[in-house]
Every structure is written in structure tokens, then in C-alpha cells.
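K.L.:
Got a sequence here, can you build the structure:
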Amino acid sequence: MAEPVFINGRFLTQPMSGVQRYARQIVRALDQRPGAADRYVLLTPPGAENLNLLHIPTRTIGRAGGHLWEQTALAWTARHGRLLSLGGSGPVLHRQQIVVIHDAAVFRHPEHFRTGYAAFHRALNRILARRARLATVSEFSRCELASVLNLSPDSIAVAPNSADHLRIVTPDPGIIERLDLTTRPYFVALGNLTPNKNLAVAIRALSHLADPAVRLVLIGDRPAVFDRSTFPADPRVILAGRLSDAEIAALLGGARALVFPSLYEGFGIPPLEAMTLACPVIASDIPATREVCADAALYFDPADDAALTAHMAELLSRPDDARRDTGLRRADRYVWSRSAEIIEDLLLST
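P.N.:
Okay, the predicted model is just below:
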């Protein structure tokens, strides 16, 4: 009997971000593919989250975790089969492997990372580029990775993100009341609260709005990044922290817009999530958001808080129903099952 395709389940031990969301949803979509039970095995470190898959079997292997698990227990167990690594890293000794690298941020913006982290991942990416087949999540990231890794763009497959999982989420309207937003207009910024997300610009833009009732809800980890000695103190900023999909769906459903001022992205999942839920998008004018949102968003220079303020004021004064509809149609282009099919076709040809 032929060896199955092994799936690197390290992502199930990591905090949720766009990368881990991608890996979870692709594996869930692969679980629905014909013959999944016989084709795939999900290999996980001890203590990994249970995805509750219907068809793909899960095996816990090894004793360690992290990179050590990936380079030892995973590499050894998967040595005779093909391997799918969806989280941006994989064992360097495994040649029959698909690795999804989500962006080139450690090359283009190392200042956004700890020095050791950026250096390690640059080295790892260079090795994997020579030993594995690469995939990524956007045409922009394909070109970026090809440039920094000295590869032909044609050698890198594109299997995009999606947000269609939100269509089956029942919104939790209780979050609106808990954050005291029932009678207030508000904007949402969604994503891990790290320097590249550039949320200082959003806070400054809010400070220029005259309406004292307006709120900016910041959803995501690491709220300590908002040092009140660095950013203008504004009681209208709500640090909501990590929220459930149901709470996020409710907040996006009632927001005047998602504000997405990021400096660099390989894809930019939050704008797609907003468009999926008919929430208008105000996004930084960078290549990844242009690719994903096209004409469905309002754009601004990520260094220009006055331009962002103008867009926010515009959406406070009048709803943009036409752009909501355009966003819904744009979001329909991105489907997890289609991306999983691209990944599976790539695996079968490797």
C-alpha cells in the first residue's frame, strides 16, 4: 500500500493568526475531498488542538514540539511519503514536500520581527526553496518570494486565503452591548496588534474626528503594543482583545467600516473577512490589498492619517451600499474548497 500524504500539524499548537487560520481551513477542506480518509494523515505534536476531522485520521507523534518536533519526529515519520506543510515552515531534510510560505516579510521588513526570528526564517526559507515545492497565498507574494529566493515565479503555486467559513457563523450580538456600542457608530481594526499593522495611524485618524460618540474597536492579541506615551490617549479606542468568530461577525456586521492600515501583507485576510460580511473596507494602498479588494475598498497612503480620517468621516456621513455589494461579489472569488483543490493537485503532481 502506498504511503499517505502526511500533513504537518504543528500549526495546531500555535496561537491563531492568519497563517494558522489558513492551515486549519485548508485541512478542513481537504477532509471533504473524495478519498480523504485513505489519502491523508494529520501528524501532530503532543498537546495539539483537535480539529475534529470527519475523515482524515490524526496521529500524535514525538515528545517535543516546535521546530525540534518538525525537524525530527515529523521528518522521520513522514520520510517515505509526501508531506504538506501549510504554516510557513517544514523539515529541511524532506524533499517530497509542499510548503506554503505566506509572505516575504522577514526579507522585506525584518524590523518588524525579533532579530533572531527574522534571521532564522530567512535561512529556513532559503533552504526550503531549494528542497521543497513552494506555494503561497497571492500573486503579490508569489512575485515577492520569487525575488528574494531567486526562483522563477512559475515555480510557486498560488492557493489563496478565503473567509467563506464566516458565512456559516451565527453572529453574537451580545458583544455589541458588552462593548457599549449599541447606540454608537464605530469602526473595527482586526488582526494581531503588531507593528506592521500600523494601528497608530488609525488611532491618530480617530483623534481627528470631531464626533465624541465614534469608537475604534481593536480586535487581536498583544494590546501592550499600544503604549499611551506613544499614541494619543483617546477614550474612544476600545482594546477588545481576542474574540470569537461569532463576536467578530457581529462587530463587522454593525461597523461603519473595517480600517486596515497595514504596512505590508502577503494577502490581508481581515479585508476579505469584512467583505464577506458586507462590511465596507478602508485599506492601506499596498499591493496585497489592491489584489484582494480591487475596487471594493477605499484606499489611503498608510502614512497619511488625514486621508484615513477623510474616508472615515465620509462613511460616518453616509453608508456606502454600492461598495458593500461590490465587496460581497469580490469575496465570492475566494473559496477554501477551491484553494484546497489547488493544493491537492499540487501534491498529486509532486
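K.L.:
Confirm that residue 15 sits in a strand.
P.N.:
No: checked against DSSP: H, G, I helix; E, B strand; the rest coil, residue 15 lies outside a strand; its state is coil.
K.L.:
tell me, how many neighbours does the closest residue to residue 8 other than its chain neighbours end up with?
P.N.:
For residue 8, ignoring the flanking residues on the chain, the nearest one in space by C-beta to C-beta, 6 or more residues apart in numbering is residue 85 at 4.1 Å. Any C-beta I mention is one placed from the backbone N, CA and C, and that applies to glycine too. Other residues lying near residue 85 total 27 when counted by other C-beta atoms under 10 Å.
K.L.:
Which positions within the helix ranked longest in the chain qualify as buried?
P.N.:
Criterion DSSP state H: the longest helix present in the chain is helix 115-131. Neighbour-count burial for helix 115-131 flags 118, 121, 122, 124, 125, 128, 129, 131 (criterion: 16 or more other C-beta atoms under 10 Å).
K.L.:
need these in a markdown table with distance to residue 45 and pLDDT, can you?
P.N.:
Shown next, in a markdown table, are those (distance: C-beta to C-beta, whole Å; pLDDT from 0 to 100):
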| residue | distance to residue 45 | pLDDT |
| --- | --- | --- |
| 118 | 24 | 93 |
| 121 | 19 | 96 |
| 122 | 24 | 97 |
| 124 | 18 | 98 |
| 125 | 22 | 98 |
| 128 | 19 | 98 |
| 129 | 25 | 97 |
| 131 | 22 | 95 |
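K.L.:
Quick one: the strands in this protein, in order.
P.N.:
Along the chain, the stretches classed as strands by DSSP state E are 5-8, 40-44, 58-60, 83-85, 97-100, 133-136, 157-158, 186-190, 215-219, 237-241, 257-260, 281-284, 297-300.
K.L.:
quick one: contacts of the shortest one?
P.N.:
By C-beta atoms under 8 Å, 6 or more residues apart in numbering, the surrounding residues in contact with strand 157-158 are 133, 134, 135, 136, 137, 138, 139, 141, 142, 342, 343, 346.
K.L.:
Mind doing that once more with 7 Å?
P.N.:
135, 136, 137, 138, 139, 142, 342, 346 (C-beta atoms under 7 Å, 6 or more residues apart in numbering).
K.L.:
Among the residues you listed, which one is most surrounded by other residues?
P.N.:
Result: residue 137 is most packed of these (other C-beta under 10 Å), 28 neighbours.
K.L.:
which residues touch the nearest residue to that one once chain neighbours are set aside?
P.N.:
Spatial nearest neighbour of residue 137, chain neighbours left out: residue 267 (4.5 Å); criterion: C-beta to C-beta, 6+ apart. By C-beta under 7 Å, 6+ apart, the contact list for residue 267 reads 102, 137, 138, 141, 160, 161, 288, 292.
K.L.:
how about a markdown table for these, with pLDDT and distance to residue 10 added?
P.N.:
Shown next, in a markdown table, are the contacts of residue 267 (pLDDT from 0 to 100; distance: C-beta to C-beta, whole Å):
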| residue | pLDDT | distance to residue 10 |
| --- | --- | --- |
| 102 | 98 | 14 |
| 137 | 99 | 18 |
| 138 | 99 | 23 |
| 141 | 99 | 21 |
| 160 | 99 | 22 |
| 161 | 98 | 19 |
| 288 | 97 | 25 |
| 292 | 98 | 26 |
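K.L.:
Just these: which are in helices?
P.N.:
141, 288, 292.
K.L.:
And the first one, how far from residue 293?
P.N.:
This points to residue 141. 16 Å (C-beta to C-beta, to the nearest Å).
K.L.:
Isn't residue 36 up against residue 28?
P.N.:
No: checked against C-beta atoms under 7 Å, the pair residue 36 and residue 28 is beyond contact range at 10.4 Å.
K.L.:
which of these two has more neighbours?
P.N.:
residue 36 (21 against 18).
K.L.:
which stretches of the stretch 251-350 of the chain form helices?
P.N.:
Here the stretch 251-350 of the chain has its helices, by DSSP state H, counting those that start in this stretch, at 269-276, 287-293, 305-317, 321-331, 336-348.
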